[in-house]
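# fold the following and give me the result.
(one chain, ligands or ions: 1)
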Amino acid sequence: MGEIILQVDNLSASYRKTTVLNNVNFKIRKGSLTGIIGPNGAGKSTLLKTILNLHPALTGSVRFFNQPFQQAKKRIGYVPQRGSVDWDFPTDALDVVTMGLYGKIGWLKRPNRKHKQLAYEALEKMGMADYANRQISQLSGGQQQRVFLARALVQDADFYFMDEPLAGVDAATERAIMNILKELKANGKTVMVVHHDLQTVEDYFDHVLLLNKTLLCHGRTEEIFTKENIAKTYGGNMRWMGENREYAVHSVE
Ligand SMILES: Nc1ncnc2c1ncn2[C@@H]1O[C@H](COP(=O)(O)OP(=O)(O)OP(=O)(O)O)[C@@H](O)[C@H]1O
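Numbering: from 1, shown residues only. This is a model prediction of the structure:
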């Protein structure tokens, strides 16, 4: 396994006075593909945002590549939850992808033809070339998600964070996205993904991080993703449908 490239120590976060993340500690190694699993409201999105300095930490420290976030941020990519994005922003798919290159272009400079070409190729890779000039608000949810993945690809980061990239997408989009995640991993990239579908965890992720306000456990999927640990994480809000991998989770909401 690769070297440790993310170290999270004693991380806590709150909204006003309510603590939603409590004393989270873990380390992530280069080249791992980790699913972040836990019920609604477990703090999965907050964990990503706090790690990425988008939400303030109450306590704790986060180090990427043995550096503070600010020094490492060009090497880090983030695909936010689709619902958290203002899709009415007037811009087309190609421009959204080109934004992924701004770390390289510089914010005040205009993208040139080579940048646009790179962005177009990433859209092509996600099967979205025909939609390059379509307003982002006029794409379906799954198409928007593909555009976001294309943006992450052009960024060519070393470490990606994705917040539910598979939520609400069809089977073909899910396959396309998972192929990209596996390709990123094959290229030595590291990926952490908030994920909801317990049925696919074992197929998709080599590591899992089980979270419910605190970190319940973290490690290799085959060791950690057990009935007992899942039950502990979901606090009884789940029902086994049968042996092995068939189970349903009841939302806490
Ligand atoms: N902006 C906010 N202001 C106040 N409370 C918030 C805010 N965002 C999240 N919360 C609360 O923090 C807790 C954790 O939310 P978070 O979105 O991190 O959970 P999650 O595990 O990603 O949930 P889901 O699976 O439903 O997306 C929840 O109780 C939520 O209501």
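# show me the residue at the heart of the chain, geometrically.
Nearest to the geometric centre of the chain sits residue 162, at 1.4 Å (CA atoms, centre = their mean).
# ok, which stretches of this structure are helices?
44-51, 69-72, 93-99, 102-105, 113-125, 141-155, 171-186, 201-204, 221-224, 227-234 (DSSP state H).
# which residues does the third one contact?
Identification of contacts with helix 93-99 by CB atoms under 8 Å, 6 or more residues apart in numbering yields 111, 115-116, 119-120, 122-123, 128, 131-134, 136, 139, 147-148, 150-151, 154. The way it works is simple: take the backbone N, C-alpha and C, and place the C-beta from them, glycine included.
# give me the buried entries from the residues you listed.
Among the contacts of helix 93-99, those classed as buried by 16 or more other CB atoms under 10 Å are 111, 115-116, 119-120, 122-123, 128, 131-132, 136, 139, 147-148, 150-151, 154.
# around the ligand, pick out the residues from the protein.
When proximity is defined by CB under 6 Å from any ligand atom, the chain lies next to the ligand at 15, 20, 38, 40, 41, 42, 43, 44, 45, 46.
# can you flag the buried ones in these?
Burial by neighbour count, judged by 16+ other CB under 10 Å, picks out 20, 38, 42, 43, 44, 45, 46 from the residues of the chain next to the ligand.
# neighbours of residue 4, how many?
Per other CB atoms under 10 Å, the neighbour tally for residue 4 reads 13.
# begin at 4 from here
All set: I'll call the first residue 4, so the last point we hit is now residue 7.
# so where is the stretch 154-256 of the chain shaky, pLDDT-wise?
239-256 (pLDDT under 70).
# try it again at 50.
For the stretch 154-256 of the chain, applying pLDDT under 50 flags the ranges 243-256.
# for residue 183, which residues are in contact?
Applying CB under 8 Å, 6+ apart, we find residue 183 in contact with 128, 129, 152, 156.
# let's see 10 Å
Contact analysis of residue 183 by CB atoms under 10 Å, 6 or more residues apart in numbering lists 125, 128, 129, 149, 152, 153, 155, 156, 163, 168, 194.
# how many residues are close by the residue nearest to residue 235 when sequence neighbours are not counted?
Among residues not flanking residue 235 along the chain, residue 219 sits closest, at 5.5 Å (CB to CB, 6 or more residues apart in numbering). When neighbours are defined as other CB under 10 Å, residue 219 has 19 of them.
# quick check: residue 219 touching residue 40?
Yes. Applying CB atoms under 10 Å as the test, residue 219 and residue 40 come out as touching, 9.3 Å apart.
# shared neighbours, those two?
In contact with both residue 219 and residue 40: 212, 213, 227, 232, 233, 236, 237, using CB under 10 Å, 6+ apart.
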